[in-house]
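Asks: one predicted model, sequence on top.
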Amino acid sequence: MNRKNAKGEVSMAQIEEGAEILLDFEKLQKVTRSGKPVIPVAVQDVESKEILLIAYVNEAALEYTLEHGTAAFWSTSRNELWVKGAISGDKLQLVDVLINCEQNSLVYLVRLLGKGSCHTKGADGKPRFGCYYRRIRNGKLEFIS
C-alpha cells in the first residue's frame, strides 16, 4: 500500500474517488513537522453514531467550538482555523465533547446542519454525509452504498 500509483504520482481525484488504496502513512509526520500543538478529534453524528471525519484541534479551535456551538478544527495543511461549513454551509452543530482518559484526543458529538460533512461529493453531485464512504475489499477500495 503505497501513496503513489504505478506511475509514481497521485492526484486528489485518485485519492478521493479511486479504487486503489493510497493511504497517507506520513500524515502524522507532516502534522508534527508543522510544529503546531494539536490533538485528534473524531467527529460523530449524535443520532446515527456514524463517524463523519477525523480532524485536529488546537486550543483556539476548541475554544471556538465551545463558544459558538459549531465544530471548528485546526487545518494542518493550511495552518489556519477551519470552521466546518463556513464556506459550504454544511455546519456541524456541537451537542457534546468527550475527552479520553489521557486527555490527548476528543470526540465531537454533532448534529449535521446541511447535506453532508465531507468536502467530496458523490456521483449525484451532492455532498457525502461523512468521509468514510469506502471500504477495503480484496485489496481494492469499494464504495459503500
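Replies: Noted; the coordinates are in hand. Numbering: from 1, shown residues only.
Asks: output the below-cut-off pLDDT ranges for this protein.
Replies: 1-8 (pLDDT under 70).
Asks: longest helix of it?
Replies: Ranked by residue count under DSSP state H, the longest helix found in the chain is helix 59-68.
Asks: centre of the chain to it, how far?
Replies: Helix 59-68 has its C-alpha centroid displaced from the chain centroid by 17 Å (CA atoms, centre = their mean, to the nearest Å).
Asks: what residues sit buried inside it?
Replies: Burial within helix 59-68, assessed by neighbour count using 16 or more other CB atoms under 10 Å, is assigned to A61, L62, Y64, T65. Where C-beta positions appear, they are placed from N, C-alpha and C, glycine not excepted.
Asks: end-to-end on stretch 55-74?
Replies: 8 Å (CA to CA, to the nearest Å).
Asks: got the contact list for that stretch?
Replies: Residues outside stretch 55-74 that contact it (CB atoms under 8 Å, 6 or more residues apart in numbering): 31, 36-41, 43, 76, 80-85, 91-94, 97, 106, 108, 110.
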